[in-house]
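> below are the sequence and a predicted model; questions follow.
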Amino acid sequence: MLFQPAIIALLLASLVGTLMVAASVPFAVRVMRRWDTASGSEAQLEMEKRTYLVSTLLVVVLLSELASLILFVFNADRMSSLFVGAMCAVGTLNVNDFGFPTLYLRIAVFFAASAWLVLNHVDSRGFDYPLVRVKYGALMALAPLMAAAAGVQLAYFLGLRADVIASCCSTLFSGATQVTSDKLAAIAPEASLAGLAVALILVMAAGRRALATGKGAVAYAVLSLVAFVVAMEAVVAAISVYVYELPHHHCPFCILKGEYGHVGYALYLPLFAAAVLGVGGGIAQPAASLASLAEAAPRIMRRCVGSSMAGFALFGAVALWLIVRSHLILIEPERLLSILGGQP
Amino acid sequence: MIHLSDVRKAFNQGKSNEFWALKGIDLSVKAGKVTVFRGPSGSGKTTLLTLVGCLARPTSGRVRLKDRDISGLPERFLTDIRRSTFGFVFQQFNLLKGISALENVMIPAYPLGVDRKELAARAHGLMQSLDIHAKAQSNAEWLSGGEAQRVAIARALINDPEVIIADEPTANLDSERSKQFLGIVETLKASGKTVLMTSHDPLVCDTAVVDHVVSLRDGELVEAR
Amino acid sequence: MRGWLNKQRNLLDFSLSSLSRRRGKTLGMLAVYTAIVFLLASVMLFSHAIRREAATVLAKSPEVLVQRMVAGRHDLIPARHLDAIKGIRGVQSAEGRLWGYLFDPAAAANYTLMVPTNPRIEPGKVVIGDGVVRVRSADPGDLMSFRAHDGSLVQFKVESAISRDSALVSTDLFLVAEEDFRRLFGIAPGLFTDLAISVRNPREVTKIAEKIDAALPDTRIILRDEILRTYESVFDWREGMLLVLLAGSILAFAIFSWEKASGLSAEERREIGILKAVGWETGDVIRLKMLEGLVVSLSAFLVGYLLAYAHVFHFGAGLFEPVLKGWAVLYPKYKLAPFVDELQVATLFFFTVFPYTIATVVPIWRAAIVDPDTVMR
């Protein structure tokens, strides 16, 4: 199965990304040991120049991670025709035990890389490199995470065995494993939508507080991660069902397809951006206690939290629109209204 | 406005060809005056100019600009200070070939995110005041030495800096053009700019417009007046 | 925000002007880059179009095929099996098919003989595929004769040719009437090559196949979905193999871009030094160089992709046919239906822009960290 173009591309991207970050680890160690902002020695100047390389590389890694995340899901969907019983990406990911872990790890890497870039951005606003050690410590943690994601992905692709008819006999009863997405949809649609509404309200409240007082951005970061998980659950359990207008079709991936007007992107892009920016706000706030960032960090935090709130609001609006537009009645309208009543 | 205390600068540090270009300089540069660094080649006057102009960081010692210690600042901030405070006129003029004189003048302002129309208007104004407006659309490599220098001065002024730094400004000019240059320095001084130059040209050092002359030899100060 | 936008615009303007100033180098880079994109895009577009072609053809074929096996070999199936199958619930229709291959010594080629049921062909007439028309230079009205199984001569009058558009598989077709087919091969009435079954509810295909298997133990059952799957993976595999073979060229391209990006001329080095001296920061220079790379990448990608599109869909993919298409003697001449797939474009992007970006990051950084005071040394 390895000789599929998209799989080769994904493996290549993970490998190169991991190598690039891993190659920066020795430098990170040197920074932890030798960094001295006050010194004007050539060794120090050399290190300061090297930081530009690392941050440029991380931008490249982040972009390629984002692209591979989309490519990964795309490819999983496309490959579903190769597996007996697989109807879409969920089926392909369930072909072996490494499918969903790969997806989750990829999302984790995406979050970690964005968090690092926020940290880097905050650090670059301080004239004395106030966070340089934190930053390079975090980089050392990012390397094994990326390696793990690359490894699990390799295991996943190596474990894919398509059922191929040989020309000598029929393979009618090959792998009668039926894979469905039922596991993901264990929660009732009412509960998931109510949970989503509550999570969004909490996020908005925390966001307003953070914007008004400049405090509580860490709580906001945690809440936005929770809201991210709850929102994903709601997409699987309820929102996607409204899109497909089939009561038993729960799938977080098919909404990305052309058949459904690619509406999935309108849901996921704001959601991912909102969660990432929320985490960014949580990273920026503690930095405000450093003298050289006292002015810049709160500004960055406000920008992050503000855009994150906009992202969540957009997600909520798109989700609401999808539900209202749908011809499917999953929950009686009155009850639906009472559940969604408080949603912004 | 600029104060240096015990400033040293080494090249190839830790290697066999280690070389100290400056060996402990204490110096103050006053605002609104014209100062000349004088000395033979290899005396460290250009290195001194790069430290004062935030082009490089000293290996040790302190550089203070208006009471702010800038010697330990990372490049990003040093660049910020440099482009808002200093304008440079290099010995070889260092214009970019293949693009027009006008674009050459505008280049330092690109990273500041200035609106292009506004920027072009400012550049035209500067070129007019320096009397090289006629050459605005010519490519840089077609300009004569005197014209190239005036384009370089316009470029140094595009971000409206407080200090103009010129490295050996008269080395590539005949006496006539050198006098013209000193005339420009006079107008700059009159408009309140601080001017710093390196030179070993007596024509420059002995002009009335020059307020201070600092002499260097082998990386050390020998005389300041 | 406005300032930020202005800055990006200024940088983009300047990067375009730098690219045009170094015209020779830029064009050289563009040519190599475009060639790589063209090569890879041709492979992908071609194999993808073929796969789709096969899928479209198969979509019209029956959902279930039943063949009789004797001693592990495919044998003729008796018509009485049809009744057993029609009795199974969920079967919409079942009919016997007659098909086979015929070697034509005159053309040294194999034809695929089939007996169409709708519309039927009159006895003595034949409808031929585009490839047959070519090798025999046969026109409607011409006569073609073949030796039957017992040595007697069977003559066909060409009625018409199948139009070229209907693609890949129709090229070697030779459509005859049932009587002629049976006479040619000596197949007794009541025997068929295989049975085609269509099913009312696609979800029940597997269930019905199981029932047929239980009722008729001497048969093998082929599902359309499985043929599709086999096609998919065979073509994927071939495309992948070709890409692996082309990996060498991708690597060479990456090395080439590395070399081009790091082999800065003295003039370019001086330029970067000047930019830094007049107030540009390392980050600005990196951004400038990345923008230059982006401009080159996007134009090469666009031009290469369009060229590949033209190559595959308008000029018949002359470069790759032998590798990807297969083994047929009667080589089809046809136009592939144009088709662009997002996944494919995304994959192609990964194979070209990604290696280029990675290969140039370090050289760009190395160029950008020039000390601003170098111009004064």
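Arrived safely.
> okay, now whichever residue of the stretch 51-200 of chain C sits closest to chain B: neighbour count?
Ranking the residues of the stretch 51-200 of chain C by distance to chain B (CB to the nearest CB) places C:R52 first, at 47.9 Å. All C-beta spots, glycine's among them, are computed from the backbone N, C-alpha and C. Neighbour count for C:R52, taken as other CB atoms under 10 Å in any protein chain shown: 15.
> check C:A109 too.
Neighbours around C:A109, by other CB under 10 Å: 19.
> would you mind confirming that it makes contact with C:T171?
No - if you go by CB atoms under 8 Å, C:A109 and C:T171 don't touch, sitting 10.5 Å apart.
> quick revisit: what number of residues lie near the closest residue to the residue of the stretch 51-200 of chain C closest to chain B other than its chain neighbours?
In space, and not counting its chain neighbours, C:R52 is closest to C:F339: 5.6 Å by CB to CB, 6 or more residues apart in numbering or on different chains. For C:F339, the neighbour count with other CB under 10 Å is 14.
> pull up the residues of chain B that are close to chain C.
B:46-47, B:49-50, B:55-56, B:75-76, B:79-80, B:82-83, B:88, B:90-92, B:94-99, B:103, B:107-116, B:155-156, B:159, B:167 (CB under 8 Å from any CB of the partner chain).
> are any of those residues buried, and which?
B:46-47, B:49-50, B:55-56, B:75-76, B:79-80, B:82-83, B:88, B:90-91, B:94-96, B:98-99, B:103, B:107-114, B:155-156, B:159, B:167 (16 or more other CB atoms under 10 Å in any protein chain shown).
> restricted to helices, list the residues you listed.
Judged by DSSP state H, helices contain the following of these: B:46-47, B:49-50, B:75-76, B:79-80, B:82-83, B:103, B:155-156.
> and the residue nearest the centre of chain B, its phi and psi?
In chain B, the residue lying closest to the centroid (CA atoms, centre = their mean) is B:I165, at 1.9 Å. For B:I165, the backbone dihedrals (degrees, to the nearest 10) come out as phi -110, psi 130.
> so it touches B:F90, yeah?
No - at 9.2 Å, B:I165 does not count as touching B:F90 under the criterion of CB under 8 Å.
> show me what C:D104 bridges to in the sheet.
Under the criterion DSSP bridges, C:D104 forms beta bridges with C:A109.
> distance check, it against chain A.
24 Å (CB to the nearest CB, to the nearest Å).
> what is the neighbour count of that residue?
15.
> mind listing what it touches?
C:D104 makes contacts with C:110-111, C:135-136, C:146, as judged by CB atoms under 8 Å, 6 or more residues apart in numbering or on different chains.
> tell me which element the residue of the stretch 51-200 of chain C closest to chain B falls in.
Using DSSP states H and E, C:R52 sits within helix C:23-59.
> so which residues on chain B come close to chain A?
Contact residues, chain B versus chain A (CB under 8 Å from any CB): B:10, B:12-14, B:57-60, B:71-77.
> among those residues, who's most crowded?
B:R57 leads the residues of chain B next to chain A on contacts (other CB under 10 Å) with 25 neighbours.
> shaky segments in the chain?
In the absence of a named chain, chain A is used. A:1-3, A:81-82, A:84-87, A:162-186, A:247-248, A:329-344 (pLDDT under 70).
> oops, wrong one, chain C.
C:163-170, C:235, C:316-337.
> can you give me the helices for it?
Using DSSP H, helices in chain C cover C:2-21, C:23-59, C:80-86, C:130-136, C:178-185, C:205-215, C:224-262, C:266-277, C:282-313, C:321-324, C:342-368.
> find the nearest non-adjacent residue to residue 188, please.
Using chain A here. A:A237 (7.1 Å).
> wrong one, chain C
C:A188's closest residue in space is C:R182 (CB to CB, 6+ apart), at 7.4 Å.
> and the next helix or strand past the helix or strand encompassing A:L269?
Taking DSSP H and E as the definition, one finds A:L269 inside helix A:263-287. Scanning forward in sequence from helix A:263-287 by DSSP H and E, the next helix or strand is helix A:296-325.
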